[in-house]
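Colleague: Predicted model and sequence follow; I will ask about them next.
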There are 2 protein chains.
Amino acid sequence: MTPLLRVQNFTVSSDGFGAGDGQSLERPFGHADPGELLAWAFPTASWPGRTDHAGSRGLDDYFTRDFTHNIGAEIMGRNKFSPHRGPWPDLEWRGWWGDEPPFHTPVFVLTHHHRPSFTLGDTTFHFVGGEPAAILERARQAANGKDIRLGGGASVIREFLDADLVDTLHIAVSPVTLGSGTRLWESPDELRDRFHLDVVPSPSGVTHHLFWRR
Amino acid sequence: MTPLLRVQNFTVSSDGFGAGDGQSLERPFGHADPGELLAWAFPTASWPGRTDHAGSRGLDDYFTRDFTHNIGAEIMGRNKFSPHRGPWPDLEWRGWWGDEPPFHTPVFVLTHHHRPSFTLGDTTFHFVGGEPAAILERARQAANGKDIRLGGGASVIREFLDADLVDTLHIAVSPVTLGSGTRLWESPDELRDRFHLDVVPSPSGVTHHLFWRR
């Protein structure tokens, strides 16, 4: 099978924002509360980093369980990696995820500013610029025949959608309203001309949107 | 994580039957039409054996995609393996699945009648009798720390449920009515005292029932 470029577990507010305004070290999602936005994902048994044996194994868990399944690389925007803007202030910052990031694959961070690659646990971060198609090609080579996750944020997903490079999207629409921030869409209907769409309400209150190419 | 015993993609009619009456070589599901009962699964991109690049990647595909995920062994009833009853008439019969069965793990077939193990592709079939707990223990040893799939039919699932050995169940309830056959349940509510339940209607017309232990 041809490897796919997949968006997974990306969560937006009911008004279409993936994050709020004013990202900072203290507030990685800006004025949005990630505990509220991602309330569907944290209680699942397969949420990365869970060490207890509890956790739900219903519908939402199928999505968190699928996170690493057949994924060989991730592409993410700089703001998912770091709260900094412009040239890298220092190389101390190594992401939000501690010593064992949940990716376990090569990760390509989009940035105009040079920075050497580094490895944390079994995740290696590369810092790359250029066109989406060229970046996807690099990720494909690193993914060794597996699929590539497009990790967000919203503006990176938009960029790859505009270049028609995305094969599947799982977008969880949370009941939270944000009012402003980084917008993924005005409405999921915007993608219907190019994608099939299953809309699946979860008992947790989130509505999963599953898109695949027509 | 402790390995789980999981039922996956097991499909029953709206009146609770996993197969019809009168199983035979020509009719592995008896009077039930598997094309109708499993109509939700065949069109998905991840249905085993699909070789084209088509196939849906919506909700139903999450379930077929999960089929092999972290599974290290399967336990199945004899009637899932074969239309024969009683002592094995011969050793020619090697299952319904041709030279490349979709399991890719050790498979333990429940039977009172001795038969030597054999390997087809990367699936090895073992023929075992005894109590569910002892069979599960053998499967666990073979599964190397991964989960074990409880493959059905309905009477085998009932037997392991009665012994309280099942951790999660994904049961797809098809809109088909059968009237008689091998019954899984009168109603999914029978399991609610021991399991959490997410009920998830799919756009394909099937209703996924996801159970996990309380």
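Modeller: The structure has been received and is ready for your questions. Residues are numbered from 1 along each chain as shown, chains lettered A, B, ... in the order given.

Colleague: The closest residue in space to residue A:31 that isn't next to it in sequence: neighbour count?
Modeller: With sequence-adjacent residues excluded and distances taken as CB to CB, 6 or more residues apart in numbering or on different chains, residue A:31 is closest to residue A:20, at 3.6 Å. (C-beta placed from N, C-alpha, C; glycine too.) Neighbour count for residue A:20, taken as other CB atoms under 10 Å in any protein chain shown: 21.

Colleague: How about the contacts made by residue A:20?
Modeller: For residue A:20, the contact set (CB atoms under 8 Å, 6 or more residues apart in numbering or on different chains) comprises A:27, A:29-32, A:178, A:180-182.

Colleague: 6 Å instead?
Modeller: Going by CB atoms under 6 Å, 6 or more residues apart in numbering or on different chains, residue A:20 touches A:29-32, A:178, A:181.

Colleague: Let's see the pLDDT reported for the residue lying farthest from the centre of chain A.
Modeller: The C-alpha centroid of chain A is most remote from residue A:53, which lies 25.4 Å away (CA atoms, centre = their mean). Listed pLDDT for residue A:53 reads 71.

Colleague: just the one 10 residues further on next, same as before
Modeller: pLDDT for residue A:63: 97.

Colleague: For it, which non-adjacent residue is spatially closest?
Modeller: Spatial nearest neighbour of residue A:63, excluding adjacent residues (CB to CB, 6+ apart): residue A:9 at 5.6 Å.

Colleague: Report how many residues lie close to the one you found.
Modeller: 21.

Colleague: Quick check: it is in a strand.
Modeller: Yes: per DSSP: H, G, I helix; E, B strand; the rest coil, residue A:9 lies within a strand segment.

Colleague: Residue A:155: what's it in contact with?
Modeller: Taking CB under 6 Å, 6+ apart as the criterion, residue A:155 is in contact with residue A:182.

Colleague: can you rerun that using 7 Å?
Modeller: Contacts for residue A:155 (CB atoms under 7 Å, 6 or more residues apart in numbering or on different chains) come out as A:77, A:182.

Colleague: doesn't it fall inside a helix?
Modeller: Yes: the assignment for residue A:155 by three-state DSSP puts it in a helix.

Colleague: what's the distance between the residue nearest to residue A:31 and chain B?
Modeller: Shown here: residue A:20 relative to chain B, a distance of 29 Å by CB to the nearest CB, to the nearest Å.

Colleague: same thing with residue A:97?
Modeller: Residue A:97 sits 20 Å away from chain B, going by CB to the nearest CB.

Colleague: what does residue A:145 give?
Modeller: According to CB to the nearest CB, residue A:145 and chain B sit 15 Å apart.

Colleague: Just the pLDDT for that residue.
Modeller: 97.

Colleague: And residue A:1, by the same measure?
Modeller: pLDDT at residue A:1 comes out at 68.

Colleague: for residue A:42, same thing?
Modeller: We have a pLDDT of 93 for residue A:42.

Colleague: tell me which element it is part of?
Modeller: Assessed by DSSP states H and E, residue A:42 sits outside every helix and strand.

Colleague: distance of the residue nearest to residue A:31 from residue A:182?
Modeller: Separation of residue A:20 from residue A:182 (CB to CB, to the nearest Å): 8 Å.

Colleague: just to revisit the earlier point, so the residue nearest to residue A:63 sits right up against residue A:67, yeah?
Modeller: Yes: using CB atoms under 7 Å, residue A:9 makes contact with residue A:67 at a distance of 6.1 Å.

Colleague: Assign the residue farthest from the centre of chain A to helix, strand or coil.
Modeller: coil.

Colleague: and if you look at residue A:142?
Modeller: Following three-state DSSP, residue A:142 is assigned to helix.

Colleague: before we move on, the earlier item: OK, contacts around the residue nearest to residue A:63?
Modeller: Neighbouring residues of residue A:9 by CB under 7 Å, 6+ apart: A:41, A:63-64, A:67, A:170, A:172.

Colleague: Report the two of these separated the most.
Modeller: Greatest spatial distance in the contacts of residue A:9: A:67 and A:172, 12.3 Å, computed using CB to CB.

Colleague: If you count surrounding residues, which of those two has more?
Modeller: Just comparing residue A:67 and residue A:172: by other CB under 10 Å the higher neighbour count belongs to residue A:172, 22 against 17.

Colleague: Once you drop chain neighbours, what's closest to the spatially most central residue of chain A?
Modeller: For chain A, residue A:151 is the residue whose C-alpha lies nearest the centre (CA atoms, centre = their mean; 2.6 Å). Excluding its sequence neighbours, the residue lying closest to residue A:151 (CB to CB, 6+ apart) is residue A:76, at 3.8 Å.
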